[in-house]
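**Student:** using only what follows, build the 3D model:
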Amino acid sequence: MGYHRIFLLQEFVLVNPSLMKPLRQQNRQVISYVPRVEPAPPDHALKVEGFRDVWQLRGKYVAFVLIGEHFRRSPVFNVPEAAQRWAIQIRQDEDILE
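**Tutor:** Presented below is the predicted three-dimensional model:
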């Protein structure tokens, strides 16, 4: 059963490319990471042996550094050494003695 090419052409006309949403917004502002303030490492977090500030959450590594009365949580890392380096850097930036 064949179709006439005029009928097929009409199907293409129904999809107007100018009405399609672009893949991304061109002038979208880049959002930088802001560390979360946590009351403490969560109960389900596992402390990683050999590292002072590193905890394991959902198979990834996160550092918690006590600053004042709150903990600052790091971004998620794939290796515990990277999380500990983040914690050391935060301690230096905040001039935390200990």
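**Student:** low-confidence regions, this structure specifically.
**Tutor:** The chain contains residues with pLDDT under 70 at 1-26, 35-39, 97-98.
**Student:** so where do the helices sit in it?
**Tutor:** For the chain, applying DSSP state H gives helices covering 5-14, 80-93.
**Student:** touching the longest one from outside, list them.
**Tutor:** Meaning helix 80-93. 48, 50-54, 56, 61-65, 67, 72, 74-75, 77, 96, 98 (C-beta atoms under 8 Å, 6 or more residues apart in numbering). Glycine gets a C-beta too; all of them are placed from N, C-alpha and C.
**Student:** just the ones of those residues in strands?
**Tutor:** Counting by DSSP state E, these place 54, 56, 61-65, 67, 72 in strands.
**Student:** run through the bridge partners of Lys47.
**Tutor:** Trp55 (DSSP bridges).
**Student:** if we can go back for a sec, which among the ones in strands among the contacts of helix 80-93 count as buried?
**Tutor:** Neighbour-count burial (16 or more other C-beta atoms under 10 Å) applied to the ones in strands among the contacts of helix 80-93 gives 54, 56, 61-65, 72.
**Student:** for the residues you listed, give me JSON lines that also has distance to Ala83.
**Tutor:** Formatted as JSON lines, those follow (distance: C-beta to C-beta, whole Å):
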{"residue": "Val54", "distance to Ala83": "5"}
{"residue": "Gln56", "distance to Ala83": "9"}
{"residue": "Tyr61", "distance to Ala83": "4"}
{"residue": "Val62", "distance to Ala83": "6"}
{"residue": "Ala63", "distance to Ala83": "4"}
{"residue": "Phe64", "distance to Ala83": "9"}
{"residue": "Val65", "distance to Ala83": "10"}
{"residue": "Arg72", "distance to Ala83": "12"}
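**Student:** from those residues, pick the one nearest Val34.
**Tutor:** Arg72 (10.4 Å; C-beta to C-beta).
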